[in-house]
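# prediction below, plus the sequence it came from.
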Amino acid sequence: MNITLTVNGETVTADVLPRTHLVDFLREHLELTGSHLGCEHGVCGACTIRLDGAIVRGCLVLAVQADGGVVETIEGLSDSGEIADLQAAFIARNALQCGFCTPGMLMAAQDLLLHNATPTREEIREHISGNYCRCTGYQAIVDAVETTAKQRARAQ
Amino acid sequence: MKASAFDYVRAKSLPEALDLLARHGEAAKLLAGGQSLLPALNLRLSAPEILIDISHLPELRGISTTATSLRIGALTRHVELQNAALVAEHAPVLTQAIGHVAHAAIRSRGTIGGSLANADPAAELPACALALHARIVMQSPRGERVIAADDFFTGLFATALLPDEILTAVEINLAQPGDVHGFGELARRSGDYAIVGLAAQGRVQNGKLAALRLGYFSIGTKATLATKAAAILTAGGGIEAAAAALADDLEPHDDLQADAATRLHLARVLLRRVISGMMPSLKAAA
């Protein structure tokens, strides 16, 4: 099926099988490999991307469902500088080790900070509870998100 | 895993969706938010020949009130339910429950109609529909049909929906003075399926709990009303007598999360917590 959508600000037209989910489409067709596939059934959060402004599980949306939609991936948020401070905080706090969960973790963390500029540590943990990290034990990730929230609040 | 191959069609109107469903019958699956269907497809637990995408049907959208009812369109996403002032006013148990449904990235897509039609015994919304005495609105080529939530959930992932029917809306009576609600669930991790959960709705009249409905989920094969426990509580029999009666009301199952005895125990823990939250005076009496 032919689909046309906006990916990181660029209009993309492609021919996809209906069964192709959005992250396979991004990775295989567009070579945007920042969005990762872990469990492929909506549990791990490694595939978290933005669709029409809201974060979604990229493995639980078909590419054909995104026809006419606006998709933003970690590559888009990274290139635009939208999350540069969050990325710097992740590095400073050692909030990643293998890095597999990191793109999804950054997408989820940025979603939280856009909706709640001054989250508590408890709220940070709650919001990223759908993103699994098997390396860090989360403490450093929560530190990095909290640090970024405080930095942004000070910069206001 | 990857889903097996299927066709996809995006319906533009409810009549078109009904026509497609009539034409393809059981070979088709309706796709709304897809947050239960897509995992089932990816795991190949489901292998339909065609998906009929109903997520763009304007007839299934919107939250509104009439003189007597709150009407929630089937395509209302969980995040919309969570943020809707009308829902918070008339069905606050839904507002409270929705925060327990999975995670933000799933609540942004999942729909109330999809959750009810899927009838997962571990899902929060079917139990809320029972507690709220909701009415389920369905459309088929023969017209509209409305049934009580009590008659809608018929078994494990099974509902009263006929093969050619589409769930279009949920109706709930407007809130009345004295309405009280409570919600609780026990899960190992935030966003996980509950080991057991309870959605409760009642009314305080003359200092007593009345019209109490206790919707349990994740215990047995479907969302279940604990009618005996509710009757004991409204008759003034106290929380412990009601907790004992849960053994008659519920049919707890064994699974990897908990065995049946643990589930029944936890159902009683939730009853004490939720009821004493709704009626602090009952806690003192118990």
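Nice, I can see it. Residues are numbered from 1 along each chain as shown, chains lettered A, B, ... in the order given.
# what's the closest non-adjacent residue to the residue of the stretch 51-200 of chain B found nearest chain A?
Per CB to the nearest CB, B:His103 is where the stretch 51-200 of chain B lies closest to chain A, at 2.8 Å. Just so you know, the C-beta spots here come from the backbone N, C-alpha and C atoms, and that holds for glycine as well. Nearest non-adjacent residue to B:His103, counting by CB to CB, 6 or more residues apart in numbering or on different chains: A:Gly130, 2.8 Å away.
# check B:Gly182 too.
B:Val274 (3.8 Å).
# roughly how far out does the host helix or strand of B:Val269 sit from the chain middle?
Assigned by DSSP states H and E, B:Val269 falls within helix B:260-278. Distance, stretch centre to chain centre, for helix B:260-278: 19 Å (CA atoms, centre = their mean, to the nearest Å).
# name the helices or strands packed onto the helix or strand where A:Thr147 lies?
Counting by DSSP H and E, the element that carries A:Thr147 is helix A:139-155. If you count contacts as 3 or more CB pairs under 8 Å, 6 or more residues apart in numbering or on different chains; DSSP states H and E, helix A:139-155 packs onto helix A:84-92, helix A:102-115, helix A:121-127.
# got the CA positions of that helix in PDB?
Extracted in PDB, the C-alpha atoms of helix A:139-155 (Å, rounded to 0.1, in the frame of the first residue of the first chain):
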ATOM      1  CA  GLN A 139      18.900   5.500  39.500                       C
ATOM      2  CA  ALA A 140      21.200   7.400  37.100                       C
ATOM      3  CA  ILE A 141      18.400   7.800  34.500                       C
ATOM      4  CA  VAL A 142      16.100   9.400  37.100                       C
ATOM      5  CA  ASP A 143      19.000  11.600  38.200                       C
ATOM      6  CA  ALA A 144      19.500  12.800  34.600                       C
ATOM      7  CA  VAL A 145      15.800  13.500  34.000                       C
ATOM      8  CA  GLU A 146      15.600  15.300  37.300                       C
ATOM      9  CA  THR A 147      18.700  17.300  36.600                       C
ATOM     10  CA  THR A 148      17.400  18.400  33.200                       C
ATOM     11  CA  ALA A 149      14.000  19.400  34.700                       C
ATOM     12  CA  LYS A 150      15.800  21.600  37.200                       C
ATOM     13  CA  GLN A 151      18.100  23.100  34.600                       C
ATOM     14  CA  ARG A 152      15.200  24.000  32.400                       C
ATOM     15  CA  ALA A 153      13.300  25.500  35.300                       C
ATOM     16  CA  ARG A 154      16.200  27.700  36.100                       C
ATOM     17  CA  ALA A 155      16.600  28.800  32.500                       C
END
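# can I assume the residue nearest to B:Gly182 is in contact with B:Gly197?
No - under the criterion of CB atoms under 8 Å, B:Val274 makes no contact with B:Gly197, lying 9.7 Å away.
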